[in-house]
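below are the sequence and a predicted model; questions follow.
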Amino acid sequence: MNKLAVIALGGNAIIRGHERGTIQEQNKNSTDTFKHLTYLLKEGYNLVLSHGNGPQVGNILLRNDAGEEIYDIPQMPLDICVADSQGGIGYMLEKTLKNVLKEEGIDREIVTLVTQVVVSKDDPAFSNYTKRVGKLYKKERADELTAKKGWQFKKSPKGDDAWRRVVPSPKPIKIMNEKIIKSLVNSGVIVITVGGGGVPVYYTNEGMLRGLEAVIDKDAASSLLASQIGADEFYMLTDVPYVYKNYGTPQQEVLEFLTKAEIDMLIKKNAFGEGNMLPKIQSALRFVENGGNKSVITDASNLEDRTFGTRITLK
């Protein structure tokens, strides 16, 4: 059996922080990223790709706002917006990757799945909204939207009178269509799935599926997917080549290898600080705790060099 790797593409793999996010920019960035992944295919790996959707779903929400305010077009709920972004980004990545594979002489089929992810409607996240989405509003307009739609807002650090909508970010419980994903991957198809963390859904007492106004952490969902389908390796591509202890301080230190015991100790010492690295490390650790061989956190440009990246194992 070929080795199976799940690769979670960070936001910078599609849109860089200083860019507007034009389709030309997204095509170029994803092309550059995929050129660094082809060595895995040449070594015989089967691949599952996931991706973020922060800028894209934010833009969809802005279009939602503009459509309602200017043309009285009904707004779509957040779960539909996430699914919308999955389809659009998946199409772009599928097309771009197919072109890269053609240039490299690699013959693989690629398919995108709009993926639902089951969460609990009783998750504590629904009592503590933390994920900022959409545009900035003045306090008066934010209060109007709270009264009209029940939205919650938190003050943004980007202005004295700047408020942004916040939504829950519940823990993923199960990735749907697991059997289909495994079947496709085992036949050599590259699968693009759980985009943006997947569409959050829950089961009613009658066993019916319902969508939720929430977003799911992409790395947490990707880690769960990797475990469900029995992946050998889990990669998270970000904008730094390694995980660093005390990042951004004079005591900054590269961490090339991490075990569960070392991670637990460093977390207790708050060695990873604020930002998005701690959730990545926790997602990487969950994968190896659930039986995966290793997790790797690095940037795409260094993926081919096996000496780069932070490798996380159980022992």
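Looks like it arrived, so ask away.

and residue 16, how far is that from residue 10?
Going from residue 16 to residue 10 by CB to CB, to the nearest Å gives 11 Å. Every residue, glycine included, has its C-beta placed from N, CA and C.

out of these two, which sits in the more crowded spot?
Shown here are residue 16 and residue 10; by other CB atoms under 10 Å, residue 10 has more neighbours (22 against 15).

pLDDT value on that one, please?
As predicted, residue 10 sits at a pLDDT of 87.

what sits against it?
Going by CB atoms under 8 Å, 6 or more residues apart in numbering, residue 10 touches 52, 236-239.

of those residues, grab the buried ones for PyMOL.
Selection of the buried residues among those in PyMOL, burial being defined by 16 or more other CB atoms under 10 Å:
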select buried, resi 52+236+237+238
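
dump the contacts of residue 10 into TSV; add distance to residue 201 and secondary structure as well.
Output for these, formatted as TSV (distance: CB to CB, whole Å; DSSP: H, G, I helix; E, B strand; the rest coil):
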residue	distance to residue 201	secondary structure
52	19	coil
236	24	strand
237	27	strand
238	28	coil
239	31	coil
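
show me where this protein has helices.
23-35, 38-42, 54-71, 78-104, 139-149, 178-186, 218-228, 260-268, 277-289 (DSSP state H).

save the contacts of residue 10 as TSV, and put in pLDDT too.
Listed next are these as TSV, based on pLDDT from 0 to 100:
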residue	pLDDT
52	92
236	97
237	95
238	91
239	86
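
now, which of the contacts of residue 10 sits nearest residue 212?
When the contacts of residue 10 are ranked by distance to residue 212 (CB to CB), residue 52 comes first, at 19.0 Å.

now do the closest one against residue 213, distance only.
The spacing between residue 52 and residue 213, counted by CB to CB, is 19 Å.

same thing with residue 157?
24 Å.

so which of the two has more stuff around it?
Ranked by neighbour count (other CB under 10 Å), residue 157 and residue 213 place residue 213 first, with 19 against 6.

in this structure the more buried one contacts residue 75, no?
No. The pair residue 213 / residue 75 is not scored as a contact, 11.1 Å apart, by CB atoms under 8 Å.

one step back: out of the helices of the chain, deepest packed?
Neighbour counts (mean count of other CB atoms under 10 Å) averaged over each of the helices of the chain peak at helix 218-228, with a mean of 26.

what residues are up against residue 55?
11, 14-15, 21.

which one of the residues you listed sits in the busiest neighbourhood?
Neighbour max across those (other CB under 10 Å) = residue 14, 26 neighbours.

now do the domain split for this structure, please.
Using automatic domain parsing, the domain parsing of the chain gives 4-119+172-313, 129-167.

where among those is the average confidence lowest?
Minimum mean pLDDT among those: domain 129-167, a mean of 90.

ends of that domain, what's the gap?
5 Å (CA to CA, to the nearest Å).

chain center to it: distance?
Mean-position distance between domain 129-167 and its chain equals 23 Å (CA atoms, centre = their mean, to the nearest Å).

residue 201: neighbouring residues, count only.
Around residue 201 there are 18 residues (other CB under 10 Å).

would you agree it is in contact with residue 115?
No. The criterion here is CB under 8 Å, and residue 201 misses it with residue 115 at 10.1 Å.

anything in contact with each of these two?
In contact with both residue 201 and residue 115: residue 176, using CB under 8 Å, 6+ apart.

okay, the spatially closest residue to residue 272 that is not a sequence neighbour and residue 262: tell me how far apart.
Distance criterion CB to CB, 6 or more residues apart in numbering; nearest residue to residue 272, sequence neighbours excluded, is residue 278 at 4.6 Å. Per CB to CB, residue 278 is found 14 Å from residue 262.

just residue 66 next, same as before
48 Å.

ok, for the residue nearest the centre of the chain, nearest residue in space, not its chain neighbours?
The centroid of the chain falls nearest to residue 218 when counting by CA atoms, centre = their mean (2.6 Å). Spatial nearest neighbour of residue 218, chain neighbours left out: residue 197 (4.4 Å); criterion: CB to CB, 6+ apart.

residue 216 is in contact with that neighbour, correct?
Yes. If you go by CB under 8 Å, residue 197 and residue 216 touch, sitting 3.3 Å apart.

okay, and the common contacts of those two?
Overlap of the contact sets of residue 197 and residue 216 (by CB under 8 Å, 6+ apart) consists of 117, 172.

which one of those two is surrounded by more residues?
Counted by other CB under 10 Å, residue 197 and residue 216 do not tie: residue 197 has more neighbours, with 30 against 25.

ok, now which ones touch that one?
With CB under 8 Å, 6+ apart, residue 197 has these contacts: 53, 82, 117, 172, 215-218, 220-221.

change it to 10 Å
With contact taken as CB atoms under 10 Å, 6 or more residues apart in numbering, residue 197 is in contact with 8, 50-54, 82, 86, 115, 117, 119, 131, 169-170, 172, 214-222.
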